[in-house]
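A.B. asks: Next comes the sequence, and after it the predicted model I'd like to discuss.
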Amino acid sequence: MTSVILKLRHYCAYQERCHSEVKYKCIELGLRGEEIDAAIADLISENFLNEERFARAFAGGKFRTKQWGRKKILIELKQRQVSDYCIRKGMEEIDDADYDKTLSSLAAKKYASLKGEQYLKRKYKTMQYLLQKGYEPELIQDIVEQIAKEPE
């Protein structure tokens, strides 16, 4: 059991993990039932595993590096079975001003890259791109309308 715990500590120390990732890793390492719960409890008590810390790192990281929108981050955290409280804490890592600036920048770049397209097609493709990135439809609508009105 101790060699498994060492592997799990290393696994958690390498990067922030959520409980479900650690649970799968436990199964992969051959632990079952109560052994998994005991291992996870150990990791939590030794502060190797902290779901709030994971949610904050995940949300902040995906927004800064991949420029994901809040909706996509929220869905990913839910798929990882992160608690609602931790998800809320994670979302606090995204600054509203930075979020708006990033959305504007992404929209402007995408719109400019579609220069040869018809007006409506350009708007549609820009909106689809931003939706796929996880931004909120109402924010996308406003920003794309603004960009489309600007003279080129």
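C.D. replies: That came in fine, so what should we check first?

A.B. asks: So for the host helix or strand of Ile36, what gets flagged as buried?
C.D. replies: Using DSSP states H and E, the element containing Ile36 is helix 34-45. Within helix 34-45, the residues that count as buried by 16 or more other CB atoms under 10 Å are 36, 39-40, 43. Where you see a C-beta, it was placed from the backbone N, CA and C, and this is true even at glycine.

A.B. asks: now stretch 80-88
C.D. replies: 80, 82, 86-87.

A.B. asks: Stretch 26-45: how far from the chain's middle?
C.D. replies: Put simply, stretch 26-45 sits 25 Å off its chain's centre (CA atoms, centre = their mean, to the nearest Å).

A.B. asks: First residue to last residue on that stretch, what's the distance there?
C.D. replies: Distance across stretch 26-45, first residue to last, is 17 Å (CA to CA, to the nearest Å).

A.B. asks: got any ranges where this protein has weak pLDDT?
C.D. replies: 1, 152 (pLDDT under 70).

A.B. asks: 80 - rerun?
C.D. replies: Within the chain, the stretches with pLDDT under 80 are 1-2, 150-152.

A.B. asks: and the residue nearest the centre of it, what element?
C.D. replies: Centroid-nearest residue in the chain: Ile73, 3.3 Å away (criterion: CA atoms, centre = their mean). Using DSSP H and E, Ile73 maps to helix 70-79.

A.B. asks: Sort out which residues of that helix are buried, please.
C.D. replies: Buried, per 16+ other CB under 10 Å, within helix 70-79: 70, 72-74, 76-77.

A.B. asks: What of stretch 16-29?
C.D. replies: 16-19, 21-23, 25-26, 29.

A.B. asks: how about TSV for those residues, with distance to Leu8 added?
C.D. replies: Shown next, in TSV, are the buried residues of stretch 16-29 (distance: CB to CB, whole Å):
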residue	distance to Leu8
Glu16	14
Arg17	9
Cys18	14
His19	12
Glu21	11
Val22	7
Lys23	10
Lys25	6
Cys26	7
Leu29	7
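
A.B. asks: Of those residues, which belong to helices?
C.D. replies: 19, 21-23, 25-26 (DSSP state H).

A.B. asks: For Gly116, state which of the residues you listed is nearest.
C.D. replies: Gly116 lies nearest to Glu21 out of these, by CB to CB, at 43.6 Å.

A.B. asks: ok, now which ones touch the closest one?
C.D. replies: Going by CB atoms under 8 Å, 6 or more residues apart in numbering, Glu21 touches Arg80.
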